[in-house]
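**Q** any chance you can model this:
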Amino acid sequence: MELLPHVIIFGLLLFILIISWVPKAYFFSWHPTLMGVGFLGLYCESILLFHPRFSPVQDHKMKVRLHQIFQIMGLLLGSIGMWVIYTVKENASKPHIATFHALFGLLAFILGCVQSLGGIPLIYPQVRSLLKIARPLKDLKRKHAQMGTVTLVCALTAVALSFYSTWFEKKEFHRIYQHVTFGAVTTIMGVIVGQIFQGRLAQ
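**A** Residues are numbered from 1 along each chain as shown. Reported below is the predicted structural model:
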């Protein structure tokens, strides 16, 4: 197993956690923390489980089960993260969805919910029978992977844009931090999108 994508993901997560809670923590600190762990960490790792070079798991059934668990946990953390930022905006009487970061974050969350529901018939044949889904399982997996690509791009775009947000600007980091973090996020995006386009998730 090659570790580079995992190292980049957890390095970014560690950076997000540090700047969220140091030197001083606020209620808002939960937003980048929960969204980072949920969408950058769990969502990306749930997809990398299926990569032949980057997955620490060999058994396909275990990959599917862990993928399902990571997705559910990611959405739960994302839901709380969305509630946090909604509460912060409401208390400050600020407009919602006022930036591209917020827009892509909302899109990622909505698509993630749809994607999770759409994955249920892939795992349980009884659900396919109940819903009278006649399309071959292979086609359904391909569509699931394609929708996952769109969700991933929205999620990682939101993460990348967060490093250009007012919150990050107030940290007064050198601009090199923005470029490095943006490059790290786009690297992860390239690895996973490339994996999907090579048909790894449709197997």
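
**Q** buried ones in the biggest helix by length in the chain, by neighbour count?
**A** When the chain is parsed with DSSP state H, its longest helix is helix 60-91. For helix 60-91, burial by neighbour count (16 or more other CB atoms under 10 Å) applies to 63-64, 66-68, 70-71, 73-75, 77-78, 81-82, 84-85, 89. For the C-beta atoms, the positions are set from N, CA and C on the backbone; glycine is no exception.

**Q** now do it: which elements does it pack against?
**A** For helix 60-91, the packing partners by 3 or more CB pairs under 8 Å, 6 or more residues apart in numbering; DSSP states H and E come out as helix 30-35, helix 44-48, helix 100-123.

**Q** got a markdown table for those, with mean pLDDT and mean neighbour count too?
**A** Shown next, in a markdown table, are the helices and strands packed on helix 60-91 (pLDDT from 0 to 100; neighbours: other CB atoms under 10 Å):
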| stretch | mean pLDDT | mean neighbour count |
| --- | --- | --- |
| helix 30-35 | 96 | 22 |
| helix 44-48 | 92 | 23 |
| helix 100-123 | 94 | 17 |
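
**Q** ok, which of those helices comes nearest Ile188?
**A** helix 44-48 (6.0 Å; CB to CB).

**Q** please name the nearest non-neighbouring residue to the residue sitting nearest the centre point of the chain.
**A** For the chain, the residue nearest the mean C-alpha position is Phe39 (2.6 Å; CA atoms, centre = their mean). Among residues not flanking Phe39 along the chain, Ala155 sits closest, at 4.3 Å (CB to CB, 6 or more residues apart in numbering).

**Q** report how many residues lie close to the one you found.
**A** 27 (other CB atoms under 10 Å).

**Q** list the contacts for it?
**A** Residues near Ala155 by CB atoms under 8 Å, 6 or more residues apart in numbering: Phe39, Leu40, Tyr43, Phe104, Gly105, Ala108, Gly112.

**Q** with respect to Thr186, which of those residues is nearest?
**A** Comparing the contacts of Ala155 against Thr186 with CB to CB places Leu40 closest, at 12.7 Å.

**Q** I'd say that closest one and Gly11 touch.
**A** No: the pair Leu40 / Gly11 is not scored as a contact, 10.7 Å apart, by CB atoms under 8 Å.

**Q** which of the two has more residues huddled nearby?
**A** In terms of neighbours (other CB under 10 Å), Leu40 is the more surrounded of Leu40 and Gly11; the figures are 24 against 13.

**Q** which parts of the helix-or-strand element of the chain with minimal mean pLDDT are buried?
**A** Of all helical and strand segments in the chain, the minimum by mean pLDDT, DSSP states H and E falls on helix 175-197, at a mean of 80. Within helix 175-197, the residues scored as buried using 16+ other CB under 10 Å are Val180, Thr181, Ala184, Val185, Ile188, Met189, Val191, Ile192, Val193, Gln195, Ile196.
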